[in-house]
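Asker: Everything below, folded, please.
(2 chains)
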There are 2 protein chains.
Amino acid sequence: MAILVVGSVALDTIETPFQVKKDILGGSATYFSLAASFLHPVRVVAVVGQDMPKDKMDCLRRKNIDLDGLETKEGKTFRWRGKYFCDFNTRKTLNLELNVFQDFRPRIPFSYTDSEYVFLANIDPQLQKSVLRQMKSRCLAASDTIDHWINHKRQALLSLLKGIGIFIINDSEARLLSQRSNLPLAAKWLRQKGPEVVVIKKGEHGVLMLAKTKFFSCPAYPLEEVVDPTGAGDAFAGGFMGYLACRRRLDDKTLRQAIVYGSVLGSFAVEAFGPARLIKLTFRQIKKRVNAFRRLTHMELA
Amino acid sequence: MAILVVGSVALDTIETPFQVKKDILGGSATYFSLAASFLHPVRVVAVVGQDMPKDKMDCLRRKNIDLDGLETKEGKTFRWRGKYFCDFNTRKTLNLELNVFQDFRPRIPFSYTDSEYVFLANIDPQLQKSVLRQMKSRCLAASDTIDHWINHKRQALLSLLKGIGIFIINDSEARLLSQRSNLPLAAKWLRQKGPEVVVIKKGEHGVLMLAKTKFFSCPAYPLEEVVDPTGAGDAFAGGFMGYLACRRRLDDKTLRQAIVYGSVLGSFAVEAFGPARLIKLTFRQIKKRVNAFRRLTHMELA
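Answerer: Numbering: from 1, shown residues only, chains lettered A, B, ... in the order given. Okay, the predicted model is just below:
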C-alpha cells in the first residue's frame, strides 16, 4: 500500500551567493515524493496551475510517482522566490505568490483513501486534519508544519497532533510551539500532545528523535559543499517515511534506520539546485551513503 | 606516565538567568584536570595568587591531582565574571582581571618533563610552544585556543599546530582560523596545518572529529537542564585525553571512544555551577552515562 503525500508542488526561484535559478520545480510534495519513491510507491495530492510545464511533471511520473491526485487548476502555480546567505543557514523569502494554492482544499481520490502511510506536508493544520478525515482505514500519519501556522493556527495544530503518529518539525519551530528552549524538553512536551514519535530536524546538526521514552540522536552527513538547501527537510521526511513504509515496522530499531535513510536523502537533496540531485540519484548511491553514515557515527565501547 | 595540563586556575563569578555565584573555582586547568583525573593521573602547571582559598586547592588534591607545578605568586588570582543568556548558547564577559596570570610563563618542573600526554589549554600560543620545548621526551600534545589568539597571534598559532598531534577547537573558532564556513572543510584545512587529529566542539550539537582521513560525528548528550556551561569544553578535553592516556592507544576505535568519554564528562560539567558536579562525580556514574550514550546513538543497519 502506497504512501500518500499532501502538500505543495511549486515553481521556485532560488538565489544563493553563487547562482540564481529561475522557475525550477519545487514544493514540499515534490521533494518528499522524489525522496520516498526510491523506497516505496508514492501518491501525490496537490494543485498546480496551467503554467506548470508538462516536462516537469513527467520528471516525477518517470519515478513512478502517482500523480492522479494532482489537480490542474485555471491560474498560475504557487511560486516562491528565496535567497540564501553565505553560511546557507539563513534564508529570506523575497517573494511569495500563492496563486492556485490559495484555495487548495485537498480532496483525496477514493483510490487513495486506503493509503497506510500519510505525510501531511506543511499546509494549514485544518486542511491537514481534513485529509485524515477522508482516509477510510487506519493509517500512520506524519505531519510537518512551519512558524506561520504555530503563530496563527496554534489550536488547530495542537488538535491535529492528537490524531497523528509522527510529528516532524525543525528545531526553531519545536522551540516556538512548545515554548521551551531546551530541545529534549521540547520533544517531550510535543510527545505529550499526541504523537508517539517526535522527530526534530536540526539542519546541519542532524536529528533528535523521541520515540516513546527513548531519545535517538543522529548527526548530519558532513557535506563539503552545499549548493541549495531548499527541500532538504521534505527529502528527509520522504526518506524517513519511505523506509518505514518499505519495512512495515515501527519498532525503535526500524525508526532509527529510517532516520538514517531520511538523513541520507536530505544530504543528497542539497547537493544541487532544486530537486536536480534527487532526480539523478540511484538506489546504489543511497545504499553507499547509508554505509558511509554507519562509518561516520559508528563506535564500539570497550 | 601522567598527563600534564598547562592552563589557568581562576576564581569565576558566574551569572545565569536564574542565579549568580561569586568567586567559585574555575579556569581551564581546573576543569580539565578534574575530568581527566577519573581516568588517569594529572599534573597541573598554573599560577594562582595568595588569595586562592586553600580549601579550593584541597578539593583538587583530594582527587589525586598533582599540584606540585602550581605556583602561588604575590598578588591576586585570575578572575573572570561572565553572564549567560536564556538559551545558554551566548555568553558575555562582564569583567576580566588577569592579575598574576598576566605574567604567567609556564615553567615545567623537571619531574613533569617525562609526561607522555600534554594538554595545552587556551593560553598565548607562544607560551604553548614554550611548554613543548621544555618536554624532554616525545609526547602526545593536544591544544585548545580562542578567538583572541586567532585574531592576534595567528602566525604563532599556525606554527604551534605543526608540533601538536591533536587540535581541539570549537566550531566558530575553527571557522575563524580556517576562513571556511563549511565545518568539514575547516577540519581538513586545520589537519593540513599539522595535527593528525582535529576535534571540533559544537556545544549542544556534539563533536566532529577528523582523524587521518576519517570523519567521526558524535551528538551531544541530550540534557534536560543546563545549570552552567562554564568549563564544558575543558571537561570534554579532560575526558578525551584522560581516556587516550588510560588506553595508551591512538587508533580510530580508541579515538572515537575517547570522544564519547569527553562528551560524557562535558555533559556532567554543565549540570551544576562551576566544577561542583565534577567534584561530586563518581566513576560509576560516568560508566552509566557512557552506556546511555551508546543507546542514544546506536543504530544497526539492516
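Asker: Contact partners for the most centrally placed residue in chain A?
Answerer: The centroid of chain A falls nearest to A:D234 when counting by C-alpha atoms, centre = their mean (2.3 Å). Neighbouring residues of A:D234 by C-beta atoms under 8 Å, 6 or more residues apart in numbering or on different chains: A:G7, A:S28, A:A29, A:T30, A:Y31, A:F32, A:A35, A:A121, A:D144. Placement of C-beta: from N, CA and C, glycine included.
Asker: Turn the residues you listed into a markdown table, including neighbour count and secondary structure.
Answerer: Output for those, formatted as a markdown table (neighbours: other C-beta atoms under 10 Å in any protein chain shown; DSSP: H, G, I helix; E, B strand; the rest coil):
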| residue | neighbour count | secondary structure |
| --- | --- | --- |
| A:G7 | 27 | coil |
| A:S28 | 27 | helix |
| A:A29 | 29 | helix |
| A:T30 | 32 | helix |
| A:Y31 | 31 | helix |
| A:F32 | 32 | helix |
| A:A35 | 32 | helix |
| A:A121 | 26 | coil |
| A:D144 | 26 | coil |
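Asker: coming back round to it: for the residue nearest to the centre of chain A, which non-adjacent residue is closest in space?
Answerer: Computed as C-beta to C-beta, 6 or more residues apart in numbering or on different chains, the closest residue to A:D234 that is not its neighbour in sequence is A:Y31, at 3.7 Å.
Asker: same thing with A:G26?
Answerer: A:D12 (3.4 Å).
Asker: tell me which element the one you found is part of?
Answerer: Counting by DSSP states H and E, the element that carries A:D12 is strand A:10-15.
Asker: Distance from the chain centre to the helix or strand that that strand is followed by, please.
Answerer: Following strand A:10-15 in sequence order, the next helix or strand is strand A:20-26 (DSSP H and E). Remark: strand A:20-26 is offset 19 Å from the chain centroid, using C-alpha atoms, centre = their mean, to the nearest Å.
Asker: Kindly report the same for stretch A:266-281.
Answerer: That offset, for stretch A:266-281, works out to 14 Å (C-alpha atoms, centre = their mean).
Asker: So A:I164 is in contact with A:C139, correct?
Answerer: No. A:I164 is beyond contact range of A:C139, at 9.8 Å (criterion: C-beta atoms under 8 Å).
Asker: how about the strands of the stretch 1-150 of chain A, start to end?
Answerer: Here the stretch 1-150 of chain A has its strands, by DSSP state E, counting those that start in this stretch, at A:3-6, A:10-15, A:20-26, A:42-49, A:65-73, A:79-84, A:91-97, A:117-120, A:140-143.
Asker: Tell me which of those is the most buried.
Answerer: Stretch with highest mean neighbour count among those: strand A:3-6 (a mean of 30; mean count of other C-beta atoms under 10 Å in any protein chain shown).
Asker: what does it contact?
Answerer: Contacts for strand A:3-6 (C-beta under 8 Å, 6+ apart): A:28-29, A:32-33, A:36, A:40-46, A:69, A:106, A:108, A:112, A:115-121, A:123, A:127-128, A:131, A:139, A:238, A:241-242, A:245.
Asker: List the strands paired with that strand, with their directions.
Answerer: When pairing is defined by DSSP bridges, strand A:3-6 lines up against strand A:42-49 (parallel), strand A:117-120 (parallel).
Asker: could you redo these as TSV and give each row mean pLDDT and distance to A:R79?
Answerer: Conversion of the strands paired with strand A:3-6 to TSV gives the following (pLDDT from 0 to 100; distance: least, C-beta to C-beta, whole Å):
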stretch	mean pLDDT	distance to A:R79
strand A:42-49	98	9
strand A:117-120	98	22
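Asker: Sketch out the low-pLDDT regions of chain A for me.
Answerer: Low-confidence segments of chain A (pLDDT under 70): none present.
Asker: So in it, which helix runs the longest?
Answerer: When chain A is parsed with DSSP state H, its longest helix is helix A:252-269.
Asker: Who are the packing partners of that helix?
Answerer: The helices and strands touching helix A:252-269, judged by 3 or more C-beta pairs under 8 Å, 6 or more residues apart in numbering or on different chains; DSSP states H and E, are helix A:28-36, strand A:207-211, strand A:214-218, helix A:232-247, helix A:276-280, helix A:283-297.
Asker: Could you identify which of those is most buried?
Answerer: Neighbour counts (mean count of other C-beta under 10 Å) averaged over each of the helices and strands packed on helix A:252-269 peak at helix A:28-36, with a mean of 31.
Asker: That one relative to strand A:10-15, how many degrees between them?
Answerer: Between helix A:28-36 and strand A:10-15, the angle comes out at 90 degrees (axes from the mean of the first three to the mean of the last three C-alpha atoms, to 10 degrees).
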